[in-house]
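>>> Got a sequence here, can you build the structure:
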Amino acid sequence: MKTTLSLFTRLALAAIPRLGPAATAILMPSLAFAHSGGFHVHGFVSGLQHPLAGADHLLAMMAVGIIAARTGGRGLIVVPSCFVSAMVAGALLGIAGIGLPSLETGIALSLVVFGAMMALPRPLPLAVAASLTTLFGLFHGNAHGLEIPDTASGIAYAIGFLASTSALHATGGLTGLTLRRWPGSIRTAGVGTSLVGAALAAQII
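Next up, the predicted model:
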């Protein structure tokens, strides 16, 4: 187990310096279009960009990875898998034109809850963590699905945002494993995530 964690740590430390430039290159063309719908959604590249372009999605995806790392064991796979599966279900509803009630509030609330889960002294049981990530995965997926116009390459777009989401989960997981020695930093990030969610819910930002 120690050998595995050591390997994860080395991989994370090696990857972190490369993440900034790569994320910047991906983010810049679409930063102004998050949640606006319309012409910017046209296929794989747009699906790849969209989870990165909005702070709400970006923080939530990273938080799920960190929560998975804190849960440990099977949670490293189960928690992100539950989120992605629910996101697919929510996206299918959106593609069918079915929007979840209080969608933006649900997304904002996901940040509040995920941040609180990160900030807790001890991780929640796997069943609880998986249930919460499943619930809020529906909201995030529904937002993606509703933004695909009739002319979009829906399959390519879905593959794009699933790939981007999985990459963010992996990045969050590696970050969580790397920062296990400094749990205070994860808890501080959790508090910040919850505050952003509260501000979005109150429409302050």
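>>> right, and Glu147 touches Ala91 too?
No: the criterion here is Cβ atoms under 8 Å, and Glu147 misses it with Ala91 at 9.6 Å. In this view, the C-beta of every residue, glycine as well, is placed from N, C-alpha and C.
>>> Please identify which of those two sits among more neighbours.
Ala91 (27 against 24; other Cβ atoms under 10 Å).
>>> Quick one: name whatever helix or strand follows the host helix or strand of that one.
Per DSSP states H and E, Ala91 falls inside helix 75-95. Moving toward the C-terminus from helix 75-95, the next helix or strand (DSSP H and E) is helix 103-119.
>>> Let me know the pLDDT of the most centrally placed residue in the chain.
With the centre of the chain defined as its mean C-alpha position, the nearest residue by Cα atoms, centre = their mean is Met61, 1.2 Å away. For Met61, the pLDDT comes out at 95.
>>> Could you do Gly43 as well?
Note on Gly43: pLDDT of 77.
>>> now it: how far from Gly145?
Distance from Gly43 to Gly145, counting by Cβ to Cβ, to the nearest Å: 15 Å.
>>> higher neighbour count, the two?
Gly145 (26 against 16).
>>> What are the boundaries of the helices in this protein?
Shown for the chain, the helices assigned by DSSP state H span residues 2-27, 44-53, 55-71, 75-95, 103-119, 126-146, 154-178, 183-201.
>>> Could you say which of these is packed most deeply?
helix 55-71 (a mean of 25; mean count of other Cβ atoms under 10 Å).
>>> For it, name the packing helices and strands.
Applying 3 or more Cβ pairs under 8 Å, 6 or more residues apart in numbering; DSSP states H and E, one finds that helix 55-71 makes contact with helix 44-53, helix 75-95, helix 103-119, helix 126-146, helix 154-178, helix 183-201.
>>> how big is the angle separating it from helix 183-201?
Between helix 55-71 and helix 183-201, the angle comes out at 150 degrees (axes from the mean of the first three to the mean of the last three Cα atoms, to 10 degrees).
>>> any weak-confidence spans in this protein?
Per-residue confidence for the chain (pLDDT under 70) gives these ranges: 1-42, 149-153.
>>> swap the cut-off to 90 and go again
Low-confidence segments of the chain, defined by pLDDT under 90: 1-55, 95, 144-161, 180-181, 203-205.
>>> Roughly how far does Trp182 sit from Leu135?
Distance, Trp182 to Leu135, using Cβ to Cβ: 29 Å.
>>> what's the offset of stretch 84-102 from the middle of its chain?
15 Å (Cα atoms, centre = their mean, to the nearest Å).
>>> oh sorry, the question was meant for stretch 99-115
Taking mean C-alpha positions (Cα atoms, centre = their mean), stretch 99-115 and its chain are 12 Å apart.
>>> Convert the C-alpha atoms of it to CSV, please.
What follows is stretch 99-115, C-alpha atoms only, in CSV (Å, rounded to 0.1, in the frame of the first residue of the first chain):
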residue,chain,number,x,y,z
GLY,A,99,-34.4,20.1,-17.1
LEU,A,100,-34.1,19.3,-13.4
PRO,A,101,-35.8,21.8,-11.1
SER,A,102,-33.6,24.5,-9.5
LEU,A,103,-30.7,23.3,-11.7
GLU,A,104,-28.3,26.2,-11.0
THR,A,105,-29.1,26.1,-7.3
GLY,A,106,-28.4,22.4,-7.3
ILE,A,107,-25.0,22.9,-8.9
ALA,A,108,-24.1,25.6,-6.4
LEU,A,109,-25.3,23.4,-3.6
SER,A,110,-23.0,20.7,-4.8
LEU,A,111,-20.0,22.9,-4.2
VAL,A,112,-21.3,23.7,-0.7
VAL,A,113,-21.7,20.0,0.1
PHE,A,114,-18.5,18.8,-1.6
GLY,A,115,-16.5,21.5,0.2
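>>> Okay then, goodbye and thanks.
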